[in-house]
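**Student:** any chance you can model this:
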Amino acid sequence: MFDHLGFSVSDLQRSHDFYLRALAPLGYKLVMSITKEQTGGYEGHAFGPTQQPAFWIGTGANVSRGLHFALSAQSAAQVEAFYAAALAAGGRDNGAPGLREHYAPGYFGAFVLDPDGNNVEAVYRGPAA
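**Tutor:** Take a look at the predicted model:
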């Protein structure tokens, strides 16, 4: 449905470092960066599980706070690795890894707040327990 998602952050370098580390267990890596010289003012970094820039963070007048988005994981272990990496990168706990079958059977997720307070989730939709 979506080609890519992007939002403004308060400190581009801090958020770059956070997402680089937090998303690595999900197979996301930095795939593109653009400078204000290229765009006339905007700077940003894009991450993706392939060479396609799917997830952007960048500069902007209106910093995004309070967003919630979930990224797919391939296993419960990958959700746990995301959670550990995100906390080690400076994220704040917003829901430890675990089953949340009130969302759907087999729903295993973890939630971390990024440096600007956005709720980042990793979810594995495994077989129902």
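
**Student:** can you name the next helix or strand after the single longest helix found in the chain?
**Tutor:** When the chain is parsed with DSSP state H, its longest helix is helix 76-88. Per DSSP states H and E, the first helix or strand lying C-terminal to helix 76-88 is strand 92-99.

**Student:** mind listing the strands for this protein?
**Tutor:** In the chain, the strands defined using DSSP state E lie at 5-8, 29-34, 44-48, 55-58, 68-72, 92-99, 107-113, 119-125.

**Student:** which of those sits closest to His16?
**Tutor:** strand 44-48 (5.0 Å; C-beta to C-beta). Every residue, glycine included, has its C-beta placed from N, CA and C.

**Student:** against which helices or strands is that closest one packed?
**Tutor:** Judged by 3 or more C-beta pairs under 8 Å, 6 or more residues apart in numbering; DSSP states H and E, the packing partners of strand 44-48 are helix 12-22, strand 29-34, strand 55-58.

**Student:** kindly recompute the last result at 6 Å.
**Tutor:** Contacts defined by 3 or more C-beta pairs under 6 Å, 6 or more residues apart in numbering; DSSP states H and E place strand 44-48 against strand 29-34, strand 55-58.
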